[in-house]
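1. quick one, what's the 3D model for this:
(one chain, ligands or ions: 1)
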Amino acid sequence: MATIVETTDAAVVTPPPVKQVKMLIDGEWCDAASGKTFATLNPATEEVIAEVAEGDAEDVERAVAAARRAFESGPWPDLDARDRGQLLYRLADLIEENLEELAALETLDNGKPIRDSRAADLPLVIDCFRYYAGWADKIHGDTVPIRGDYFCYTRREPLGVAGQIIPWNFPLLMAAWKFAPALAAGCTVVMKPAEQTPLTCLRLGELMIEAGFPPGVVNIVPGYGPTAGAAVVKHPGIDKVAFTGHTETAKAIMRDAAATLKRLTFELGGKSPNVVFADADLDAAVAGSEFGLFFNQGQCCTAGSRLFVERSVHDQFVEKMLDRAQGRRLGNPFDLETTQGPQVDKAQFDKILDYVQKGDDAGAKRLTGGERHGDKGFFVEPTIFTDVTDDMPIAREEIFGPVMCILPFDDVDEVVRRGNDTFYGLAAAVWTKDVQKAHHLAHSLRAGTVWVNCYDVFDAAAPFGGFKMSGIGRELGEAALANYTELKTVTMSLG
Ligand code: ADP
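-> Alright, predicted model coming up:
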């Protein structure tokens, strides 16, 4: 059984103070109308960090009214597009000035290692706001050469009030992916952060007010999914819902959104195939596959959770991967040496250990891990299963934890067929030095993103989203602007 390396006495970052636990409505920080609060926990210690205002339908009602007012009157609709961009640039600067505090707050609430919050989450958040700041004054229509004596042109107008519902795995980054294109396009927003991790989104709200966004343009209502989240989805004053989370939740949202025919964009789950050919740089493939699965405690919708390895290098690959999994450093996420923190909460922790049991029961070989680490916090040892078959639950269902399944394969057609044998289609990766094979796989795998000789490379400019039941629509890049604009055709007689 694996011995997990305990963290030593390396530098440990101090957790930050919690500055904001209320909800943001119409530029004001307020309690829930019901007066209720809910606890957000530190997943590394299971202790309560803070009590946060618990929004429900009544608070959503007030937030939507404020967002509608801000969309229809006041300074926001009259603001020049370039000035909207300037607000987003100013926000990015403020986030950069407060990077250390926000990174530490993310680590406190989510449990992710501080080295990841600092080096991955926060830089991507800042980049996302700057990228969309640049788009604000570049969203334009066309002139259209229609028949007859007419002048015909199109305009891209802001869609209206966007309801945005985000998950807990990258709390601040998911907020940035949602807020930035919506605000660049001129929408106003009602945001519902995940109940497990509301703190960084609330702090971001403070920075948004400081940056100068007018009252009502951004509203943040923390609370639970079936209450606050469902109220956002059902409210007729909301024009569009953007949701990131589980596929089953998306089905409920689609049903709830039907009555008001809301525009919907979804970024959902995955069971991504990660394919390693025998001709790959094996050490790079091992390192990239470790990152592709274990990064963020395995809590990534893109996790390369079906790792197909060509049979001739399978055993060698497994041996190297075992070494790396056992070398991961679990422990205090504020320790700069820590590479793996706790899972976000007890529900996720239990679900993952349940899948480990299912893997054992189905006859897969558990090479390492699969147990709780320590006796406090939701830590799960890095886990590797071999002798996995395609029909096992661990090979078919999203585990969202540090559980790797390694499956051997023999040829290209076979691995394409098996890679595509899933109702998900979020991401895929290929490791090979053969250019033809790389392109063939990149084109044949039915996934929204395919990485070649790398994994989890994200950029605000590159569109991201799912085929099949992994999503609807695309976030990031120019593509995301379409989610927040309506296309209007204007035809004027010249006769
Ligand atoms: P998880 O089970 O990991 O929390 P979810 O997909 O349930 O993943 O949650 C993602 C986000 O969706 C969270 O902000 C959550 O509160 C919200 N949510 C959950 N259920 C609903 C629902 N029925 N309607 C709207 N939002 C929901």
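
2. tell me which helix or strand of the protein sits lowest on mean pLDDT?
-> Every helix and strand of the chain was ranked by mean pLDDT, DSSP states H and E. The lowest is strand 5-6, at a mean of 52.

3. beyond it, next helix or strand please.
-> strand 23-25 (DSSP states H and E).

4. what packs against whatever helix or strand comes next after that next one?
-> Using DSSP H and E, the next helix or strand after strand 23-25 towards the C-terminus is strand 28-30. Helices and strands touching strand 28-30, as assessed by 3 or more C-beta pairs under 8 Å, 6 or more residues apart in numbering; DSSP states H and E, comprise strand 23-25. Any C-beta I mention is one placed from the backbone N, CA and C, and that applies to glycine too.

5. need the nearest residue in space to the residue nearest the centre of the chain, chain neighbours excluded.
-> Nearest to the mean C-alpha position of the chain, by C-alpha atoms, centre = their mean, lies residue 174 at 4.8 Å. Counting by C-beta to C-beta, 6 or more residues apart in numbering, residue 174 lies nearest to residue 166, which is 4.0 Å off, once chain neighbours are set aside.

6. repeat that for residue 304.
-> residue 274 (3.2 Å).

7. kindly report the same for residue 379.
-> Closest residue in space to residue 379, ignoring its immediate chain neighbours: residue 373 at 3.8 Å, by C-beta to C-beta, 6+ apart.

8. list the buried residues in stretch 348-364.
-> For stretch 348-364, the neighbour count (16 or more other C-beta atoms under 10 Å) marks 348, 349, 351, 352, 353, 355, 356, 359, 362, 364 as buried.

9. from these, which land in helices?
-> Among the buried residues of stretch 348-364, the members found in helices (DSSP state H) are 348, 349, 351, 352, 353, 355, 356, 359, 362.

10. close to the ligand: what parts of this protein are there?
-> 165-167, 192, 194-195, 224-226, 229-230, 233, 245-246, 249, 252-253 (C-beta under 6 Å from any ligand atom).

11. which of those count as buried?
-> The buried subset of the residues of the chain next to the ligand (16+ other C-beta under 10 Å) comprises 165-167, 192, 194-195, 225, 229-230, 233, 245-246, 249, 253.

12. quick one on the thing from earlier: look up how far the ligand lies from the residue nearest to residue 379.
-> Noted for residue 373: a distance of 21 Å to the ligand, by C-beta to the nearest ligand atom, to the nearest Å.

13. from here on, count from 14
-> Okay, residue one is now 14; in that scheme the one you just asked about reads as residue 386.

14. you'd agree that residue is up against residue 415?
-> No. Contact criterion C-beta atoms under 8 Å: residue 386 and residue 415 do not qualify, at 10.0 Å.

15. those two: which is more packed in?
-> residue 415 (27 against 19; other C-beta atoms under 10 Å).

16. which non-adjacent residue is nearest the more buried one?
-> Counting by C-beta to C-beta, 6+ apart, the residue nearest residue 415 is residue 311, at 4.0 Å.

17. ok, the one you found - contacts?
-> If you count contacts by C-beta atoms under 8 Å, 6 or more residues apart in numbering, residue 311 has them with 318, 365, 412, 413, 414, 415, 416.

18. what's the answer for residue 373, then?
-> Taking C-beta under 8 Å, 6+ apart, one finds 379, 383 in contact with residue 373.

19. kindly recompute the last result at 10 Å.
-> Shown in contact with residue 373 (C-beta atoms under 10 Å, 6 or more residues apart in numbering): 379, 383, 398, 407.

20. now residue 87
-> Counting by C-beta under 10 Å, 6+ apart, residue 87 has contacts 201, 227, 228, 229, 230.

21. buried subset of those residues as a PyMOL selection?
-> With 16+ other C-beta under 10 Å as the criterion, this PyMOL line picks the buried residues out of these:
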select buried, resi 201+227+228+229+230
